[in-house]
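# model the following, please.
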Amino acid sequence: MSKVINLETVNDYCNRFNQVSQHPLVSVMNLHDLVRNSQHGIEALRFNFYGIFLKQNPDCILKYGRKYYDFQEGTLVFIGPGQIVQIENSDDYTPSGHALLFHPDLLLKTNLGQFISKYSFFSYELSEALHLSQRERQIIIDCLEKIRFELERDIDKHSKELIVSNIELFLRYCSRFYDRQFITRDAVNDGVVYQFKKSLHNYIHSGKARELGCPSVGYFAKEQHLSPNYFGDLIKKETGKSALEIIQAKLIEVAKERIFDPSKTVSEIAYELGFKHPQHFSRLFKNKVGYSPNEYRMMN
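Prediction:
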């Protein structure tokens, strides 16, 4: 990866493209107006603020981690604080689209500041971007224009509240559109759920649990080349249960079967299921079943 350029503020990003931020903590930009202020076609940028990019041409290539992603028209990508993105543009590349940048400090003492973490798409991989329909794209642009309107007028006592409220409205629409995307990709999603449950079964029964530890959401997300947040949201949308709930239910199901084997101690069962400490297994079992493993064994 190229040398990482640390962007602490919204204005740091604007300065790289010879732009002036409309506000110290938030800016809406027309990407067509950007003038590159670097000598190289590849940059690795660490964002220490939130960035949302609506790309309307396919010529920009981003690299996140080890993956490249070519933008399709009408693609919305979310970047959260701390993420590093490698941007690769050709010399004759002319960007097209819009960007919304806002710093976490903008959200201090606001309702959105308390709940920004629920918008888990800020931790998705770039390849898990939101693909908008033409109508959805227009709604997104309308939201951006409302924020731009507030930024371009004189600041008054209503400015911050209206700007943050419109950002929150923007993010709520994005949540709705992601729900639509999960639904319209049912065939793909069914395959993810099926593979997850199959892999979970094999993980426990093949001895991997004893070797590698309790199954984790991150393990199965990585196995399917998805970010943990996207994987978790997809599983929740498709099954109504979180990936962790499915994992724990499977552990309890197998534990109940093995408890009936009098040759196994509770500790042995715990180690087989990947628990480093038997008391952690006993605590989970009692929480889910209502009885400790030994009590359950005596009852049956």
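# name the SS class of the closest residue to residue 98 other than its chain neighbours, please.
Nearest non-adjacent residue to residue 98, counting by Cβ to Cβ, 6 or more residues apart in numbering: residue 54, 4.6 Å away. For the C-beta atoms, the positions are set from N, CA and C on the backbone; glycine is no exception. Classification of residue 54 by DSSP: H, G, I helix; E, B strand; the rest coil places it in strand.
# surely residue 54 meets residue 137?
Yes. If you go by Cβ atoms under 8 Å, residue 54 and residue 137 touch, sitting 7.2 Å apart.
# identify the contacts common to the two.
Contact criterion Cβ atoms under 8 Å, 6 or more residues apart in numbering; residues shared by residue 54 and residue 137: residue 74.
# tell me the contacts of residue 5?
16, 43-46.
# let's see 6 Å
residue 45 (Cβ atoms under 6 Å, 6 or more residues apart in numbering).
# how many other residues sit next to residue 111?
12 (other Cβ atoms under 10 Å).
# who touches it in this structure?
Taking Cβ under 6 Å, 6+ apart as the definition, residue 111 has no contacts.
# need phi/psi at it.
With angles defined as degrees, to the nearest 10, residue 111 sits at phi -60, psi -40.
# report the buried residues of stretch 135-151.
The neighbour-count check on stretch 135-151 (16 or more other Cβ atoms under 10 Å) flags 136-137, 139-140, 143-144, 146-148, 150-151 as buried.
# how many neighbours does residue 243 have?
24.
# how about the contacts made by it?
Residue 243 touches 217, 232, 235, counting by Cβ under 6 Å, 6+ apart.
# which ones among those lie within helices?
217, 232, 235 (DSSP state H).
# state the number of residues packed around the first one.
It refers to residue 217. When neighbours are counted by other Cβ under 10 Å, residue 217 comes out with 18.
# which one is it nearest to, not counting chain neighbours?
For residue 217, the closest residue by Cβ to Cβ, 6+ apart turns out to be residue 243, at 4.5 Å.
# mind listing what's buried along the lengthiest helix in the chain?
Assignment by DSSP H gives helix 159-184 as the longest helix of the chain. Buried residues in helix 159-184, counted by 16+ other Cβ under 10 Å: 160, 163-171, 173-174, 177-178, 181-182.
# for residue 93, give me the pLDDT.
The per-residue pLDDT reported for residue 93 equals 51.
# how close does residue 227 get to residue 120?
9 Å (Cβ to Cβ, to the nearest Å).
# neighbour count for the two, which is higher?
residue 227 (21 against 18).
# my read: the more buried one touches residue 124, true?
Yes. The criterion here is Cβ atoms under 6 Å, and residue 227 meets it with residue 124 at 5.2 Å.
# shaky segments in the protein?
The chain contains residues with pLDDT under 70 at 1-2, 33-42, 56-73, 87-95, 186-189.
# now do the strands in it.
4-7, 26-30, 42-47, 50-55, 61-64, 67-70, 75-79, 84-88, 97-102, 130-131 (DSSP state E).
# residues in contact with residue 255?
Contacts of residue 255 by Cβ under 6 Å, 6+ apart are residue 269.
# buried set for stretch 289-300?
Buried-residue list, stretch 289-300, by 16+ other Cβ under 10 Å: 293, 296-297.
# list of residues touching it?
Contacts for stretch 289-300 (Cβ under 6 Å, 6+ apart): 259, 266, 282, 285-286.
# ok, and the most crowded of these?
Most surrounded of the contacts of stretch 289-300: other Cβ under 10 Å gives residue 285, at 26 neighbours.
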